[in-house]
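*Asks:* Return a 3D structure for these sequence lines:
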Amino acid sequence: MQIKIEHLDAENAWNHILDWYNLYQSSLKNFNRPYSMFAPEDPRMQEMFARPKLSNAQIKYYHDIFISEIYNQSDLTKRDHDLNTAVQMFQNMIETKIKPLLPAWNAKMPKTLTIECEYGRGAGYKSGNNATIMFRMSNDNRNDYRIYLLLSHEFVHILIGEQIIQKYNVPHDLKERIVDIIGQELFKKPVQPMFENSFANAYITPEVIRTDLDSAVKKMMADYTALKQAQTTKDR
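*Replies:* Below you'll find the predicted structure:
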């Protein structure tokens, strides 16, 4: 797998900010994600995310501010040293920890992985043969080891996203818990407290991570769906 690092230009950086705005308003704010994760550290961008809906005129207003007054490529290159060190650790982890488990996950390695440096804090991902980790690093103070953990977490999402998560229609909170359990087991990444008390805990064990993750998630979602249906019937 080839790994590439890219620093977004102004228009692409803006497009990603707008995409994160839409995802935040439609979904992520329901899981108590702060909108400061998805925008530059500028009060006008924070103001934009605080608005539940934007008109076309408002989108143009914030776009023009970002392009002319906020974007600076040095914001997206300032962590290159730590990122390059993290990528070296990340590549070693893939070879030693992930590749042996691909059959158990019904997964395959992407042909390429692009790490896109963009505004905000944290990360996201896009699955596929040409996969992407969107590293929101302008507001982020992680050291190289914590960046490595972040990349590894997102890469697990990429590997199981289409083959398992979409296949069984796993909701966001259970998806995050599955990846957290895998990350804690394989590379000692601390879990996200908001997802820790989860229905997934009884199903995603160290054994199934190494033997048959697909069947474990299938069983989990069958039981989860049955439970939700029983609750709905009871509430009627």
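*Asks:* how far away is the residue nearest to Lys99 when sequence neighbours are not counted from Pro193?
*Replies:* In this structure, Lys99 finds its nearest non-sequential neighbour in Met109, 7.3 Å apart by C-beta to C-beta, 6 or more residues apart in numbering. All C-beta spots, glycine's among them, are computed from the backbone N, C-alpha and C. Distance of Met109 to Pro193, given as C-beta to C-beta, to the nearest Å: 31 Å.
*Asks:* what's the answer for Met48, then?
*Replies:* When distance is defined by C-beta to C-beta, Met48 is 28 Å away from Pro193.
*Asks:* Those two: who's more crowded?
*Replies:* Neighbour count, other C-beta atoms under 10 Å: between Met48 and Pro193, Met48 has more, with 23 against 8.
*Asks:* what secondary structure does that one sit in?
*Replies:* Assigned with DSSP: H, G, I helix; E, B strand; the rest coil, Met48 falls in the helix class.
*Asks:* Residues contacting the helix or strand bottoming out on mean pLDDT in the chain, please?
*Replies:* Across the helices and strands of the chain, mean pLDDT, DSSP states H and E gives its lowest value to helix 213-235, namely a mean of 91. Residues from elsewhere that reach helix 213-235, judged by C-beta atoms under 8 Å, 6 or more residues apart in numbering: 104-106, 160, 163-165, 168-170, 174, 178, 199-200, 202-205, 208.
*Asks:* Now which of those would you call buried?
*Replies:* Neighbour counting by 16 or more other C-beta atoms under 10 Å classes 104-106, 160, 163-165, 168, 170, 174, 178, 199-200, 203-204, 208 among the contacts of helix 213-235 as buried.
*Asks:* What about these, which are in helices?
*Replies:* Judged by DSSP state H, these include Ala104, Trp105, Ile160, Leu174, Ile178, Val208 as members of helices.
*Asks:* shouldn't the residue nearest to Lys99 be in contact with Leu102?
*Replies:* Yes - counting by C-beta atoms under 8 Å, Met109 sits close enough to Leu102 to count as a contact (7.0 Å).
*Asks:* what touches both of these two?
*Replies:* Joint contacts of Met109 and Leu102 (C-beta under 8 Å, 6+ apart) are Leu159.
*Asks:* What are the boundaries of the strands in the protein?
*Replies:* Under the criterion DSSP state E, strands of the chain are mapped to 2-7, 112-118, 122-126, 130-136.
*Asks:* In TSV: those strands, plus distance to Tyr62 and mean neighbour count.
*Replies:* Shown next, in TSV, are the strands of the chain (distance: least, C-beta to C-beta, whole Å; neighbours: other C-beta atoms under 10 Å):
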stretch	distance to Tyr62	mean neighbour count
strand 2-7	21	14
strand 112-118	16	21
strand 122-126	20	19
strand 130-136	17	22
